[in-house]
Every structure is written in C-alpha cells, then in structure tokens.
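Visitor: Test case, fold it:
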Amino acid sequence: MRKRIKHKGGSDLNKPLVTTPNNNSSVVSSIGNFFNGIFTSIKNNPRYTLITILIILAYLGITFFIEVDTTIEEEASVKCDTFTECGTGQRTVNSRDCINNECDEDTCCIDIPTCDGYSCGTNSQTNSSVECEGESCTHAECCSLLCTTYSNTCGTSQIYVEDNVCSGSPCTQDDCCEDKLTCRSYNNNNQSNPVTCVEGYQFMGGQFCTSSECNESDCCQLVEDSTPIQIQQTCDGYSCGDEYQLKNDASGIVGDSVEQCCDQLCSTIDCGDGYQLKNDASGIVGDSVEQCCVASCSEFNQDACPSGTGINSDAYGDTVELCCLASCSGFNQDECLLGTGINSDVYGDTVELCCLASCSDFNQDECLLGTGINSDVYGDRAELCCQ
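Guide: Coordinates of the predicted model:
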C-alpha cells in the first residue's frame, strides 16, 4: 500500500508506507524489500526494465537450486545405522540411505547371508555354516583350500593327508602332513574298533601304518613267515601307566617296554622324614629324593634369612623366599579372630601362622614335667605354651 505526498514547488512522489516487519520469517521480509526496490527502479528508470527482469529471473533460479539441493541433502542425511528393529536372522545394512528420511525394515534389513550353497570350485571346501559380513558372500569367507593343492613333500615319519583343510593359502606342511601312526597308538585311540590279527599272525605294535587308517596288512605279521617284514618297533603310543610317562621323542625311540619307552615320575618317590614331594610331582620326571623332594625349612640355615625374619618350620623348601618369614610381632592384631592373639615368638605373614588361641586353653598334660601353662601368651604347642 502506498501514500501520495504533495511537496511544495515539486511534483508528486511515491513513498513506501512504513510498516511493521512480519515476524514469521526474516527471509520473507528480505524478499519483500528486494522487490519494492526493484519496482521503484523500474518506475523511475523504464529503460532498465529488461535488465531488471533478467536479474529477477536469475535470483529466482538460484533460490530454487539452493532449496532443491538442500532438500536432497536432507533426504540423504539419514542412514540405516540408526535402525535397530531388524528381525531374527537379519542384519542392518548401515550404509544404506533411508527413503525420505524414513527408515524401515524393507530398506534397512537383509537376511544374513551364509556360505551354504556357495560354489568354491575344485580343490576347495565350502564352509557352509559361515555367516558373511557384507550383503553377499565372498570367496575368501566361504572357501578353504584342500591339501590336494599341496606340492611339497612330507617328512620321513609323516604321511600326506590330501583331504585335510588348509589354514590359509598356500597350504603348508603342518596343514597336510601328519605324524605316522604306529599300530599300537592307532589301537589305543580306536579301542572300539582296533586292528586285530587272525590266527597265525602276530600284532606288531610298533609298526608304522601306511595311512591314517591302520589295517591288518600294516600291523599283522605271519608267525611262520621265513621272510618277515622289516619291523621298526617304536615307543610311540606305548602305554606307560600312571607312574610313568613316555620319553621325549618316543616316536623316534625303538622299544616295546617300560624300561625302553618310559620315564619314572616323582609321584612314586617316598621322600622320607623331613622331606615332602615337590609341587606338581606327578608331572616331574625323577627317581630320587634329590630330584623329587624338598626338605623341611626347619633344616634351612637361619643365618641365610634377612634380619628381622625367622624360619617357618611348617614349610618345605630350600630358598629364602620359601623358608624365611617376618616375625609375627609386626602382624596386624586387628586381622586376628576374636579370642586369638599375636605370638611374637613365631614367624609368618598370615592369620593362620600368627594368630593363635590363648595358651590358657592348652592341655596341661602335654607339658613336660616341671613346666606349666603360661596363660599370658598365645600358642598351640608345648614349645609356646609350657614354661
């Protein structure tokens, strides 16, 4: 709306009416001011009308482009990584764009692909149960080489197993070569279906089998055969029993007896008074007190203990760490149970060693003739309580 104002000595002029800005949008206000200025210029300068129209069209085109581009950006900004409602057996494809910023199961979810049905080709095995990471499975995920591709040789005491699955590419000796079985070890591992020899043949436990499945031709020799097969009786697979264990490298030792194939374990040793078996004696090879036993710390040299420590006579060992303990006089009294107390004449670092019952409860009959109970101290034996 415009108001005509009459000026003295001059012609009429059009002057925009002053209005209050619209609070709905600063953009609308700016556009309005822009067009008011344009119309005023056209009114006063008709010759610039064509240029003005071109400017207006350019302005509208740029505004439209910006609005469209912004809309597209906003629509592409929401991805499926925010969607968490895929069903059982499905997976969210995080990289997908949600349509119109609306995420749903059809857009964001796929059935988890597995290698079941994937074709790996020859010399490979399909890992059918593997779940693939992407939207589709890859050869690397689904296929493992078989040892049919292995071209090197195995060791002299090994056999080649072409059906083994390789751990990577290419296949290695560890993948494709296994230690040869002896007839004895095969039977030990297959007690439900062992190799047995018919009458007139004897079982050769130390004979190597020619494959991973031993049979009669590998393990049975004719008793009266004038040209017996060359037998290499090895300790591999020999049963030593609970008190022995197989010697190291048993597969390379020729033998067929405890003496030839087995080492004695320390668990069988009687250590005698003043000694006890070492920890884990059942896993230590040895047949003597020196190898298998440790002496009571009561035999340990007191002079070897650091100042302020003493011998823990209840322990066994031959080192300062095992045998020398600090005096219980430094133990925290608050850790002792009610009714017990510290005896500073003993050594230790635990409640069990340092916190003792009052000697007032000790049996007088255990004291030597001429001694009696000292009820002011704590202890559990005559040496501590009888004075």
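Visitor: what's near enough to touch the spatially most central residue of the chain?
Guide: For the chain, the residue nearest the mean C-alpha position is residue 167 (18.7 Å; CA atoms, centre = their mean). Going by CB atoms under 8 Å, 6 or more residues apart in numbering, residue 167 touches 174-175. Where you see a C-beta, it was placed from the backbone N, CA and C, and this is true even at glycine.
Visitor: what about it, distance to residue 144?
Guide: Noted for residue 167: a distance of 8 Å to residue 144, by CB to CB, to the nearest Å.
Visitor: can you count the residues close to the nearest residue to residue 153 once chain neighbours are set aside?
Guide: Excluding the flanking residues, the one nearest residue 153 by CB to CB, 6 or more residues apart in numbering is residue 160, at 8.0 Å. When neighbours are defined as other CB atoms under 10 Å, residue 160 has 15 of them.
Visitor: how far away is residue 160 from residue 175?
Guide: Counting by CB to CB - residue 160 and residue 175 are separated by 11 Å.
Visitor: can you list residues touching both of these two?
Guide: The contact sets of residue 160 and residue 175 overlap at 147, 150 (CB under 8 Å, 6+ apart).
Visitor: end-to-end on stretch 371-384?
Guide: 12 Å (CA to CA, to the nearest Å).
Visitor: What are the buried residues along that stretch?
Guide: Applying a neighbour-count criterion of 16 or more other CB atoms under 10 Å, one finds 373-374, 377-379, 382, 384 buried in stretch 371-384.
Visitor: still on that earlier bit, the residue nearest to residue 153 against residue 151, yeah?
Guide: No. Counting by CB atoms under 8 Å, residue 160 sits too far from residue 151 to count as a contact (10.8 Å).
Visitor: returning to what we had before: can you confirm the residue nearest to the centre of the chain is in a helix?
Guide: No. Counting by DSSP: H, G, I helix; E, B strand; the rest coil, residue 167 falls outside a helix, being coil.
Visitor: Quick check: it vs residue 119, distance?
Guide: To residue 119, residue 167 is 22 Å away according to CB to CB.
Visitor: got it, and residue 103?
Guide: 34 Å.
Visitor: For the residue lying closest to residue 82 once chain neighbours are set aside, give its distance to residue 144.
Guide: Nearest non-adjacent residue to residue 82, counting by CB to CB, 6+ apart: residue 103, 6.3 Å away. Per CB to CB, residue 103 is found 37 Å from residue 144.
Visitor: if you count what's nearby, which of the two comes out ahead?
Guide: With neighbours defined as other CB under 10 Å, residue 103 and residue 144 compare such that residue 103 has more, 22 against 18.
Visitor: before we move on, the earlier item: residues contacting the residue nearest to residue 153?
Guide: 147, 150, 153-154, 176-177 are the contacts of residue 160 under CB under 8 Å, 6+ apart.
Visitor: Show me how the record splits this protein into domains.
Guide: 2-76, 80-111, 198-261, 265-295, 327-385 (automatic domain parsing).
Visitor: looking at these, which one has the lowest mean pLDDT?
Guide: Mean pLDDT per stretch puts domain 2-76 lowest among these, at a mean of 55.
Visitor: sorry, back to before: test my guess that the residue nearest to residue 82 contacts residue 86.
Guide: No. Between residue 103 and residue 86 there is no contact, the gap being 10.6 Å when judged by CB under 8 Å.
Visitor: Name only those of the contacts of residue 160 that count as buried.
Guide: Burial by neighbour count, 16+ other CB under 10 Å: within the contacts of residue 160 this picks out 147, 150, 154, 176-177.
Visitor: then stretch 290-300 to CSV, C-alphas only?
Guide: Coordinates of the C-alpha atoms in stretch 290-300 are reproduced here as CSV (Å, rounded to 0.1, in the frame of the first residue of the first chain):
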residue,chain,number,x,y,z
GLU,A,290,67.2,-85.1,45.2
GLN,A,291,65.2,-84.8,42.0
CYS,A,292,61.7,-85.1,43.6
CYS,A,293,61.7,-83.8,47.2
VAL,A,294,62.3,-80.7,49.2
ALA,A,295,63.5,-80.6,52.8
SER,A,296,61.6,-79.1,55.7
CYS,A,297,62.5,-75.4,56.3
SER,A,298,63.4,-76.5,59.8
GLU,A,299,66.7,-77.7,58.2
PHE,A,300,67.3,-74.3,56.5
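Visitor: Outside of it itself, list whatever touches it.
Guide: Contact with stretch 290-300 is made by 266, 269, 271-272, 274-278, 281, 284-286, 311-318, 322-324, as judged by CB under 8 Å, 6+ apart.
Visitor: Could you turn the buried ones of the residues you listed into a PyMOL selection?
Guide: With 16+ other CB under 10 Å as the criterion, this PyMOL line picks the buried residues out of the contacts of stretch 290-300:
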select buried, resi 266+269+271+275+276+277+278+281+284+286+311+312+315+316+317+323+324
